[in-house]
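Engineer: model the following, please.
(2 chains)
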Number of protein chains: 2
Amino acid sequence: MKVVFIGSGNVATHMAKAFSLAGYSVVEVWSPNFDNADLLANAVGAKPIASIAHIDQSADLYIIAVKDEAIAGVVQELTEVNGLVVHTSGTTSIEVLSSLKKYGVLYPLQTFSKSKALDFKRVPLCIEASDEETLQALKVIAGSISEQVFLIESAKRKVLHLSAVFACNFANHLYTIGQELLQHHDLDFAMLRPLILETAEKVQTNLPQHVQTGPAIRNDETTIAAHLELLRNNEEWGNIYQTLSKSIKKTYQ
Amino acid sequence: MKVVFIGSGNVATHMAKAFSLAGYSVVEVWSPNFDNADLLANAVGAKPIASIAHIDQSADLYIIAVKDEAIAGVVQELTEVNGLVVHTSGTTSIEVLSSLKKYGVLYPLQTFSKSKALDFKRVPLCIEASDEETLQALKVIAGSISEQVFLIESAKRKVLHLSAVFACNFANHLYTIGQELLQHHDLDFAMLRPLILETAEKVQTNLPQHVQTGPAIRNDETTIAAHLELLRNNEEWGNIYQTLSKSIKKTYQ
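Structural biologist: The predicted model follows:
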């Protein structure tokens, strides 16, 4: 099966490698930035393409992994292709692809960095398609690169994406605040790493609401006051501390 | 070496097992709740004690692992002992122990649940002591149960505890919000677990500020507006979303 990648960011990079590993032939990579397209193309034995107008029209699968706002523009370039076209966005409706013949969504619910390898077989893939036949084809394709394939309609996919922002993007920002607090006091972020990992490992077998700890759930006002005193020179962090503590108290009251 | 545990909560349970494994003799466990003392005592081959007034006065090490506000009361019961007395609190100053002969702090920077085993050797232990000789003794003791021992004064320990609240307690609450969002839409929290784990694993080798992703750092206002629209019926979560997104934008502007 011939696959064309449109995009060369973190998602495209990890997914192209997964398809390549699974025995698919990644034939071309296009990206708004040719150097990035070239880099990814080299990594998977594909050809980098400078102009999207010149991409191979005879591939079996086109994977759009560009910024959300760029998807509609890419779709206009693919109206003649007969292969299956999917986008990989968490927030974009499948409708953006409706001018195409066969289309779908292949959304990986994971955070990717080019610098960190990961086992793609364990990445949850949310799929959706233009019709039943395409859905079955996409299910087979998704199943060949991951063991975690879920049929998820656009509305629910948006909820998944939102929950991922809380559990991943916002959680990482809290790690950053922790890191900056330590740095201001000449303490090493390495001290915090085992705690961060254990917090995430705990919810692999428990629900997070069953393992909540800390001063807010204990209504430990002495500690909360001491922490706010430490944060008195940083209104922003103090505000985050109060907002989240209030929310924890409300959840468990 | 004879060790007495005062407390039977999560910290006491994991630490008593670690001392027992390291070859120490945990002789007694006292707790405000006798049943809990009995449970922990049985697990480590110790004797449960019903009244703190009757604890063994000849032990080498007394470990206070009770709620912060109960520490001072426990200290009053230990004024006659000759052994080393340590508390395990992140926020309580070493001064609470100053009426004793030899004292210190043994603060584990980790989150413990009775239901989940963990490798205590990797738990960062922050130590502090009444005098240099006691510090050296405590260093040896701490080093026998963990490979990660740090000399940390009370003021810095409080900062570590605060950063742990952000990186652990608050992060777990964000997982809970993610879970509740999914639950409201009949989606399984299991879908979010690989993402949570990967987010924590990423910062084991990177600094969190170098791996931040999501709509806020991209200034992706379309996605942010769509997310706030999904949260329109939950003012609290909408407020958390806006507060954290604003903080991310400010951090990377």
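
Engineer: which residues are in contact with A:V44?
Structural biologist: A:A16, A:K17, A:F19, A:S20, A:V26, A:V29 (Cβ atoms under 8 Å, 6 or more residues apart in numbering or on different chains). Glycine gets a C-beta too; all of them are placed from N, C-alpha and C.

Engineer: I figured the fourth one hits A:G45, correct?
Structural biologist: Yes. Using Cβ atoms under 8 Å, A:S20 is in contact with A:G45, at 7.0 Å.

Engineer: identify the bridge partners of the nearest residue to A:I49 once chain neighbours are set aside.
Structural biologist: Spatial nearest neighbour of A:I49, excluding adjacent residues (Cβ to Cβ, 6 or more residues apart in numbering or on different chains): A:W30 at 4.2 Å. The partner list for A:W30 in beta bridges (DSSP bridges) reads A:I6, A:I49.

Engineer: okay but A:W30 is in contact with A:I52, surely?
Structural biologist: Yes. Contact criterion Cβ under 8 Å: A:W30 and A:I52 qualify, at 5.2 Å.

Engineer: hang on, A:I71 packs against A:E95?
Structural biologist: No. Contact between A:I71 and A:E95 fails when scored by Cβ under 8 Å: they sit 10.9 Å apart.

Engineer: show me which of those two is the more surrounded one.
Structural biologist: With neighbours defined as other Cβ atoms under 10 Å in any protein chain shown, A:I71 and A:E95 compare such that A:I71 has more, 19 against 9.

Engineer: quick one, what contacts the more buried one?
Structural biologist: Here A:I71 is in contact with A:I64, A:H87, A:S89, A:T92, A:V96 (Cβ under 8 Å, 6+ apart).

Engineer: that older thread, so what sits against both of A:S20 and A:G45?
Structural biologist: A:V26.

Engineer: neighbour count: the two, which is higher?
Structural biologist: Using other Cβ under 10 Å as the criterion, A:S20 and A:G45 rank with A:S20 on top: 17 against 10.

Engineer: in space, what's closest to that one - neighbours in sequence excluded?
Structural biologist: A:V44 is the one closest to A:S20 (Cβ to Cβ, 6+ apart), at 4.3 Å.

Engineer: tell me which other helices or strands the helix with the most length in chain A touches.
Structural biologist: Longest helix in chain A, counting residues (DSSP state H): helix A:235-252. Counting contacts by 3 or more Cβ pairs under 8 Å, 6 or more residues apart in numbering or on different chains; DSSP states H and E, helix A:235-252 packs against helix A:171-184, helix A:221-230, helix B:171-184, helix B:235-252.

Engineer: what angle separates the second one from helix A:171-184?
Structural biologist: What that stands for is helix A:221-230. 70 degrees (axes from the mean of the first three to the mean of the last three Cα atoms, to 10 degrees).

Engineer: pLDDT of the longest helix of chain A, averaged?
Structural biologist: The average of the pLDDT scores along helix A:235-252 is 98.

Engineer: run through who's touching it.
Structural biologist: A:177, A:181, A:209, A:212, A:214-217, A:219, A:224, A:227-228, A:231-232, B:165-166, B:169-170, B:173, B:176-177, B:236-237, B:239-240, B:243-244, B:246-247, B:250.

Engineer: quick check on the residues you listed: which are buried?
Structural biologist: By neighbour count, with 16 or more other Cβ atoms under 10 Å in any protein chain shown, the contacts of helix A:235-252 hold A:177, A:181, A:209, A:212, A:214-217, A:224, A:227, A:231, B:165-166, B:169-170, B:173, B:176-177, B:237, B:240, B:243-244, B:247 as buried.

Engineer: coming back round to it: quick check, nearest of the contacts of A:I71 to A:V123?
Structural biologist: A:S89 (15.2 Å; Cβ to Cβ).

Engineer: can you give me the strands in chain A?
Structural biologist: Counting by DSSP state E, residue ranges of the strands within chain A are A:2-6, A:25-30, A:47-49, A:61-64, A:84-87, A:102-108, A:125-129, A:149-151.

Engineer: mind checking which of the ones you listed is nearest B:E128?
Structural biologist: strand A:102-108 (46.0 Å).

Engineer: now the closest one: average pLDDT?
Structural biologist: 98.

Engineer: if you count contacts, what does that strand end up packed against?
Structural biologist: Partner elements for strand A:102-108 (3+ Cβ pairs under 8 Å, 6+ apart): helix A:10-21, strand A:84-87, strand A:125-129, helix A:132-145, helix A:154-164.

Engineer: if you set the cut-off to 7 Å instead, what comes out?
Structural biologist: strand A:84-87, strand A:125-129, helix A:132-145 (3 or more Cβ pairs under 7 Å, 6 or more residues apart in numbering or on different chains; DSSP states H and E).
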